Every structure is written in structure tokens, then in C-alpha cells.
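**Student:** Turn this into a structure:
(chains A and B)
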Amino acid sequence: MNYKVALVGNPNSGKTTLFNCLTGSNLYVGNWPGVTVEKKEGNLRDTAKNITLVDLPGIYSLAPYSMDEIVSRNFLLEERPDLIINIIDASNIERNLYLSTQLMELNCPMVGALNMMDVVKKTGVEIDVQRMEEIFGYPFIEISAQKETGIDELIKLVEKMVELDKLKEFPQIFPPEIMNLFTEFGSLVKSKYPDVLPGYPGLFRTIKLIEKDEEVMLKIDKNTELLEAIYAVRKKIEAVTHHDVDSTIADYRYRFITEGISKATKKTKENILQFQDKLDKVLMNRFAALPIFFFFMFVIYYVSITLVGEITIGGIEWFINDVLMMAVATGLGSLGAADWIIALINDGVITGVGAVLTFVPQLVVLFIFISILEDSGYMARVAFIMDRIFRHFGLSGKSFIPMVVGLGCSVPGIMATRTLENERERKLTAVLTPFISCGAKMPIYVLMASVFFTNYQTLLVFSLYLISLTVVFASGFVLSKTWFKGADSGYLLEIPPLRLPKLKNTSTQVWQRTKEFIVRAGTIIFAVSVVLWFLQSFTPGFQMVQSPDESILATFGKIIAPVFVPLGFGNWVASVALLTGIAAKEMIISTMSVLSSGQGGSLTENISQIFTPVSAYSFVIFVLLASPCMAALATMKKELGNWRDFLFALAYQIGLAYAIAFIIYQVGSRIFG
Amino acid sequence: MFTLKDLRPGQKACVGSIAVEGLMRRKLMDMGVTPGVEIQVNKTAPFGDPIEVRLRGYSLSLRKKDAENILMVQ
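**Tutor:** Predicted coordinates for the structure are as follows:
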């Protein structure tokens, strides 16, 4: 027997951390609402039974407002799990139980996991789990996913619960006079309209019809008789309660909850988290908020690029060039390997892959900072601070979160746009997120900066981030009035408490992101480096080249190079690098390394020959803004949902990059010669 | 009659009714902004909007134009 258990809860209630505890896997966790935007599966650990755990996106209710909410709701309705683990942030128990009252209508066995009990106990609150079970009709367990307490008990309870086949009835949330109206309407639907949502649980179907839930309405749109029946029952409810139906239903749910928890919880002492409060006051201070934010960003890039770079890059280059390549040359040479094999390994593989791996320490530090930002709860605060500004540019403060994630990699950044309810804002954010420079582009800036702008490295990289922010805002302003026109959906965002980032979460995230980077270096970059080496070592007539200028690659590069002449980098090396960069942005550096090793001389020497400072700047701007790598493009296509928007976005990104690089080169070369 | 927008940081009052229709109304209710609940304004964002309020033991931020539609009673 294979059991399916769904993990359901509010955004930011610790679902993903609990999922990792229960399965032993290492998913990505952050302290902002909406980290899980797609469902993920894993096997429950420490059990003889076959139990699949499904981590669903966090939702506040079973109403379908945003895409991640629809994912969760459809799973619960269509795949009918054997058990729901309802994770509840016990430090925010009232709001969290609101979802529980809706889950109770799904006719599915449920376990309540009261999470963050360590925090709750510190604030002097005691929860009587026995009482909770009596009131809400399903068992609760106190846990702390972060401290990993109560996990074994939870696993045992899950094992027991999936076996029970008799479902215990959930208590009634609504008063008898309302419940009677529900039942009456429910049996009317059942007898007269058996075809309406037949698979849905009875009470859930009744309430969703009465609420005129958007998704449900789509399925009955032509049924005027049923619509009239809905209208009639709504009138009756309003006559009883003297309030409109929506606020009545929400109100009864919350009343049931407040009454219940007043019986089951006890406050033993007054304890307000004063330190967090004070810190919050400083971080969100009227005058200091924005300077603090830019200060953080500057420190992040100064430390990861300049400080760490100075310490590590020289050593890694020395190891690759003077140790590894020498060893390969002498080792393979003594075994009698042909010169071309040694050249393939040294000038192709090691040069290409090594050029990317050189930057691993800097990326690790960058990823550590991003992960701390995410874990601490600072992101939601920045969204709060920025909303006023973002609104003027057709976005909301929430658009900021995908963009900060995009600093690491555009792919999860674009996926994070799903937390935005409004389709227009969501698509616009998905198109703008790639303008935020991802981690893989950073090595290119660092390389160019170290060759041409030695004394101003951090400043140069920082200027790029300012340019990318400007482009995001300007594009948002223009596109929200043209291509992505429409109303905004409003802004409503939970501000989670500030938390000290946990070492385990941070290291998990950093490891995952770094691993992805290294895996790409070992696979795609390895393969492309080998192909590149062949293409630049042979002429179109398949003869070994005398000079790389005669190679297949050069011939091809020279065909496209003229396109980039107006931008200042109309040489075949840069053109080929940009093309391979479509596969992965790190490829740009690898390509240049492989090609310059073919031409003799070091990478920096070759770069200083084919670029001037102005054309180098124009080149990095083009790399920064032009369309992202294949993986990000595929994600963008998926999130936009249609070819029309996708092709427009592609044309817009490339066109804008070309135009800005053009202006920078044309103006810059006239000023600086 | 006064609205949530009229409260200054530190002040609190109870929700009377919500004078906004559609999606925003439902979302506010889901987030616990229902008639009778006590809301305290915590702070205003550095640029004057949105505001952060505290209700039902957690913090929520919303724009002033939506706060203006939440009618309050003492």
C-alpha cells in the first residue's frame, strides 16, 4: 500500500523546513512568504510503510487568488491525499488556523503540526494539545522544525493516521441556523444538479458555490437555474446575519478559532521580543531605511568581489596554470600521448572549466549573503519599503522578492513571481527579473574589471547593478503602460518576524546553489569547451590550423561579428563568446579562455588586445541586459504561458541591451577616444 | 466614521465594516480583517505608504488606499 500525505500550511509557516526534516532531503528554505511555488515530493523517513510526502505551496485559504494557491487547491481536490499534515505556525496561531477550518471541509483525515513551539514557549504561551484536539476534531503535535523537536512523534502519528479508514467527523464551525441553510442548499445541488462538481467534498462544494468562488463559477457559468438558487440562499443567509455572505463566512471561521484557542492556550507571562522591535525600528526608519539597504548591497558586493577575489583568484589561477596544466603536460607527455590530446585537455577542458571554477569562492560568499537576507525576514521589509516606489513603475513591492532571488539565479527568481496574484504584474516581473544580474554573470564583470578598471572594481560592478535597477524601473514604467497594460491587484503582504538565520538553512542553500554552478561547469561547460577547442583547432577543410584566425569557429564568428561593430566589440572572439553564453552565462568566460589559449598568451593579455576600456564596458552592459541563458528563457516561457509574450520579451531584452550598449560605446568612445 | 488610514502609529481600533468589493475584500477577510477584530497601526513605510498593522498576533502591510476602505469603530 502506497500512501500519499500532503503538507499544507500558510506561507512562511516552516513547511519546507519540516519537509526536509521528515524526508531528510535538502530543499530550499527562506523567511518570506511563498518559497515553495511548485509541489515537491519525497519519501517519509524512518518508517517501514511506503509514505510519499508532498510539499505544497503555502496558502492562506482555499480561495484561488494566485497560481501557487491554485496548485495547492487542485492537488487537494483532485489527487485526494490519504492524510493532510496541516502545519501551523503556533506563534501566529489564529491566522494559521483559518486555513485549517477550510481544510476541515475536505473530508480528509488531518494531523495538526504546531510549529515554532520553541518561539511560542519563549513568549510565555502554553498550548493544551489535548484541548485543541477536542475543539478542532483532529490530533495536534507540538514541534519545532528548526530545532528538530517533536519530529519522531509526528512521524509515528502519521504512520498511525494513514491506516485509519474511518474518518472522524470534524466539529461544526457555523451556527445551526447557518448550517441548516448550507445543508438545505447542499442537498438541492446533490439532487437537482448531480453533474456539478461531483468529485468535490460535499460541504466544501456547498460553501464554494455560495461564496461564488471564481474557479467554481467557471465550471457552472451557463447554469442560470443554479445561479438563481445561489442568489436565493445568499439572500437567506444575509437575512439571518444582517451581514453580507463573504464577511459572514470568514467571520464565523475566525470566531470559532478565537473561541477555541482562548480555551486551549494560556499566557503565563508577558514577553514582547524587544530586541527585534528595536532592530525593526532602525531597519525601517524613515531616513535610514534606503541608505541601510544600499549599504548592505554595497557591502555584499565589496566583500564577495573585491575582498574574497583578491585572496583567492591568484592562487586558483596559479594552481590551474602552473600546477595542473604542467602536470598534465609532463604526465601525459611521458606516457607518449599525442600533442593534440594534451592540447585538448589543457587548452580545451582545463582552460574552459577552470575559468569558471576560479570564481567559486566569490560566488559562495555571494550566496551566503543572499541566503542570510532571505532567512532573516529582511526581504519582506524591503518589499514594504519599496512598494511606494515600485508602484509608480507598474509593479508592487512584492516584485522585489523575485528580483533579489534573481541575484543568485534568474530561474528561481522567475519562478518566485508566482506569488504575485495579479497576472499583469506577474508577467511583467518575470520579464524584468532577468535584467537583475545573476551570479553566473558576475565572473565576466570581475574579469573585465580586473583588466581595465583595476582600481575601481567594486565601483564598476556596483555601477552595473545601478544600471540594471534603472533598466528595471524604466522598463516597468514603459511596459506597464504599453504591452502589459491593466489594473493592479493591490498589495497585501505579511511581515514575518525578524529571525536569526540558522546555520543549517544557510549552508543548505549555499551548497545547493554552488553545487548547481559546479555541476554546470562539469557538464555543459565541459562539453562546450571540448567542442569549442575542436572548432577553433581545425579549418573548415578539417586541417589543423596554423593560426586560430583560419579556424571553423573564426569563420563563423566573422560572419556575425559585424552585428557588434557598432557596439565596439565586433571581433569574432567576443561574438562567439556571446553565442555560447546562451547555453550558460559562465560560458562567455570559458569561451574567451579557450580561444585565447589557442592564440597564445594569457586570457587577460588577449582581452586587453581585443577590447578597449569603453568597448569592455559596452560588452558587460550587453551581457548584463541581453536575454538570459537557455534555462532562464525556458522558465520565462513557462511562466508567461504563451509565445506572443515570450517572443516580445526576448525581442525587448535583446533590443534594449543592443541600444544601451550602442549608446555607451558611441558616446564613450567619443569622450575617451 | 473614521477609517484604518486615519489611525496614527500606536493607535488601535476595531473594524466596523469593509467598504471594498471583489478580490481585495476576500483577501482582507482571509487575512483576518473581519468585523470586530482589533487592529493596531504599527508604522508607516519610509516613503509614507504602505502601512504596517498588527492584528490577530501578526503583522500585515497594506496600502493606504485600501486602509481607507476599512471603516473602524472605537
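
**Student:** Contact residues of the stretch 301-450 of chain A facing chain B?
**Tutor:** Applying CB under 8 Å from any CB of the partner chain, we find that the stretch 301-450 of chain A lies next to chain B at A:384, A:385, A:387, A:388, A:389, A:391, A:397, A:421. C-betas here are computed from N, CA, C, even on glycine.

**Student:** And the residues you listed, which is closest to chain B?
**Tutor:** Nearest to chain B among those is residue A:388, at 3.9 Å by CB to the nearest CB.

**Student:** residues in contact with the helix or strand hosting the closest one?
**Tutor:** Here residue A:388 sits within helix A:378-392, counting by DSSP states H and E. With CB atoms under 8 Å, 6 or more residues apart in numbering or on different chains as the test, helix A:378-392 has contacts from A:30-33, A:280, A:283-284, A:289-290, A:293, A:373, A:396-401, A:404, A:473, A:476-477, A:488, A:491, A:493-496, A:498, B:45-50, B:52, B:61, B:63.

**Student:** In chain B, what residue spans correspond to strands?
**Tutor:** Remark: strands assigned in chain B by DSSP state E are B:2-3, B:12-18, B:38-44, B:51-55, B:58-62, B:70-73.

**Student:** Thought residue A:502 was touching residue A:375, still the case?
**Tutor:** Yes - between residue A:375 and residue A:502 there is a contact under CB atoms under 8 Å: 6.9 Å.

**Student:** between the two, which one's more packed in?
**Tutor:** Higher neighbour count among residue A:375 and residue A:502: residue A:375, with 20 against 15, using other CB atoms under 10 Å in any protein chain shown.

**Student:** Quick check: which helices or strands does the helix or strand containing the more buried one pack against?
**Tutor:** According to DSSP H and E, residue A:375 maps onto helix A:360-376. Counting contacts by 3 or more CB pairs under 8 Å, 6 or more residues apart in numbering or on different chains; DSSP states H and E, helix A:360-376 is packed against helix A:289-301, helix A:308-318, helix A:400-408, helix A:442-452, helix A:503-522.

**Student:** do that again at 6 Å, thanks
**Tutor:** Under the contact criterion of 3 or more CB pairs under 6 Å, 6 or more residues apart in numbering or on different chains; DSSP states H and E, helix A:360-376 touches helix A:308-318, helix A:503-522.

**Student:** need the contact list for residue A:491.
**Tutor:** A:387, A:396, A:397, B:63 (CB atoms under 6 Å, 6 or more residues apart in numbering or on different chains).

**Student:** Now do the buried residues in stretch A:263-283.
**Tutor:** A:264, A:265, A:280, A:283 (16 or more other CB atoms under 10 Å in any protein chain shown).

**Student:** re the thing from before, separate out the buried members of the residues of the stretch 301-450 of chain A next to chain B.
**Tutor:** A:384, A:385, A:387, A:388, A:391, A:397, A:421.

**Student:** Next, the residue lying closest to the last one once chain neighbours are set aside: phi, psi?
**Tutor:** Leaving aside its sequence neighbours, residue A:421 sits nearest to residue A:66 (CB to CB, 6 or more residues apart in numbering or on different chains; 4.4 Å). The phi and psi values for residue A:66, taken as degrees, to the nearest 10, are phi -120, psi 170.

**Student:** In the residues of the stretch 301-450 of chain A next to chain B, which has the lowest confidence score?
**Tutor:** The member of those with the lowest pLDDT is residue A:421, at 72.

**Student:** That residue: which element?
**Tutor:** Going by DSSP H and E, residue A:421 is not in any helix or strand.

**Student:** Just give me the neighbour total for residue A:437.
**Tutor:** Neighbours of residue A:437 (other CB under 10 Å): 23.

**Student:** who touches it in this structure?
**Tutor:** With CB under 6 Å, 6+ apart, residue A:437 has these contacts: A:468, A:624.

**Student:** Now it, what are its backbone angles?
**Tutor:** phi -70, psi 130.

**Student:** and the gap between it and residue A:567?
**Tutor:** 18 Å (CB to CB, to the nearest Å).

**Student:** neighbours around the residue in the stretch 401-550 of chain A that chain B sits nearest to, how many?
**Tutor:** Residue nearest to chain B within the stretch 401-550 of chain A (CB to the nearest CB): residue A:495, separated by 4.1 Å. Neighbour count of residue A:495, defined by other CB under 10 Å: 23.

**Student:** ok, for it, nearest residue in space, not its chain neighbours?
**Tutor:** Nearest to residue A:495 is residue B:59, by CB to CB, 6+ apart, at 4.1 Å.

**Student:** What count of nearby residues applies to that neighbour?
**Tutor:** Residue B:59: 20 neighbours (other CB under 10 Å).

**Student:** Looking at the stretch 151-300 of chain A, which residue is nearest chain B?
**Tutor:** residue A:250 (3.7 Å).

**Student:** That residue belongs to a strand, doesn't it?
**Tutor:** No - assessed with DSSP: H, G, I helix; E, B strand; the rest coil, residue A:250 is helix; it does not lie in a strand.

**Student:** gap between the closest residue to it other than its chain neighbours and residue A:247?
**Tutor:** If the residues on either side of it in the chain are set aside, residue A:250 comes closest to residue B:29, at 3.7 Å by CB to CB, 6+ apart. According to CB to CB, residue B:29 and residue A:247 sit 6 Å apart.

**Student:** So which of those two has more stuff around it?
**Tutor:** residue B:29 (23 against 20).

**Student:** pLDDT at residue A:359, what is it?
**Tutor:** The model's pLDDT for residue A:359 equals 77.

**Student:** before we move on, what about residue A:254?
**Tutor:** Residue A:254 is given a pLDDT of 95.

**Student:** list the contacts for it?
**Tutor:** Residue A:254 touches residue B:34, counting by CB under 6 Å, 6+ apart.

**Student:** Centre of the chain to the helix holding residue A:388, how far?
**Tutor:** 17 Å (CA atoms, centre = their mean, to the nearest Å).

**Student:** relative to strand B:51-55, how tilted is it?
**Tutor:** Using axes from the mean of the first three to the mean of the last three CA atoms, to 10 degrees, the direction of helix A:378-392 lies 130 degrees away from that of strand B:51-55.

**Student:** Now the helix-or-strand element of chain B with minimal mean pLDDT - C-alpha only, PDB.
**Tutor:** Counting by mean pLDDT, DSSP states H and E, chain B has its least confident helix or strand at helix B:23-30, which shows a mean of 89. Extracted in PDB, the C-alpha atoms of helix B:23-30 (Å, rounded to 0.1, in the frame of the first residue of the first chain):
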ATOM      1  CA  LEU B  23     -10.700  40.300  -4.700                       C
ATOM      2  CA  MET B  24      -9.300  42.700  -2.200                       C
ATOM      3  CA  ARG B  25     -12.300  42.200   0.100                       C
ATOM      4  CA  ARG B  26     -11.900  38.400   0.100                       C
ATOM      5  CA  LYS B  27      -8.200  38.700   0.700                       C
ATOM      6  CA  LEU B  28      -8.600  41.000   3.600                       C
ATOM      7  CA  MET B  29     -11.100  38.700   5.200                       C
ATOM      8  CA  ASP B  30      -8.800  35.700   4.700                       C
END
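
**Student:** Next, the distance between the ends of stretch A:633-647.
**Tutor:** 10 Å (CA to CA, to the nearest Å).
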